[in-house]
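Enquirer: build me a structure from this.
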Amino acid sequence: MLVHDVLFHKSEKPLRTAVLMSFDGGLIKEIGLISDISQHIDVCTEIFSYNNNSNLATAEAYYSAMQSGDYEKMGSYLHNDVKYSDPRWPLTGKDRVWPIARSFSAAVKQLKTVGKFS
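Expert: A predicted model of the protein is given here:
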């Protein structure tokens, strides 16, 4: 899990968001967003047992590619059957998730990682 402060281009206040990811074969299989901070402790408690640094490195590389605008590299980290879990846009499949990820990247002015757990 990564915790980010996301500052959008037309905003002065960052939104703190936790991003949960599951992996399959070293690729991101599921991306889940939690913007309700009250849920973070329960989620952190649940995932501390995984302790997989290679998955954390993949998650960090994905967001690094996002921040640099390297959309091809960003897409290379997504599993073909990736699932994006957000109450507003529940999507499945790389062909549906990748465009949302690219548009999110374009809307973000700054993304600062403020916590990470594996």
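Enquirer: bridging residues for Lys83?
Expert: On DSSP bridges, the residues paired with Lys83 through beta bridges are Glu30, Thr92.
Enquirer: ok, it to Ile28 distance?
Expert: Distance of Lys83 to Ile28, computed by C-beta to C-beta, to the nearest Å: 10 Å. C-beta here means a position set from N, CA and C on the backbone, and glycine is covered the same way.
Enquirer: Gln110 too?
Expert: From Gln110 over to Ile28 (counting by C-beta to C-beta), the distance is 22 Å.
Enquirer: what distance do you get for the residue nearest in space to the middle of the chain to Ala61?
Expert: With distances taken as C-alpha atoms, centre = their mean, Val19 lies nearest the centre of the chain, 4.6 Å away. According to C-beta to C-beta, Val19 stands 13 Å off from Ala61.
Enquirer: got it, and Thr113?
Expert: Counting by C-beta to C-beta - Thr113 and Ala61 are separated by 12 Å.
Enquirer: looking at Gln110 and Ile28, which one has more neighbours?
Expert: Taking neighbours as other C-beta atoms under 10 Å, Gln110 and Ile28 compare with Ile28 leading, 23 against 12.
Enquirer: so the residue nearest to the centre of the chain belongs to a strand, correct?
Expert: Yes: using DSSP: H, G, I helix; E, B strand; the rest coil, the assignment for Val19 is a strand.
Enquirer: which non-adjacent residue is nearest it?
Expert: Distances taken as C-beta to C-beta, 6 or more residues apart in numbering put Leu2 closest to Val19, at 4.9 Å, once the chain neighbours are dropped.
Enquirer: quick one: contacts for that neighbour?
Expert: Leu2 is in contact with 18-19, 21, 59-60, 63, 113, 115-116, counting by C-beta atoms under 8 Å, 6 or more residues apart in numbering.
Enquirer: hmm, 10 Å instead?
Expert: Going by C-beta atoms under 10 Å, 6 or more residues apart in numbering, Leu2 touches 17-21, 56, 59-60, 62-63, 111, 113-118.
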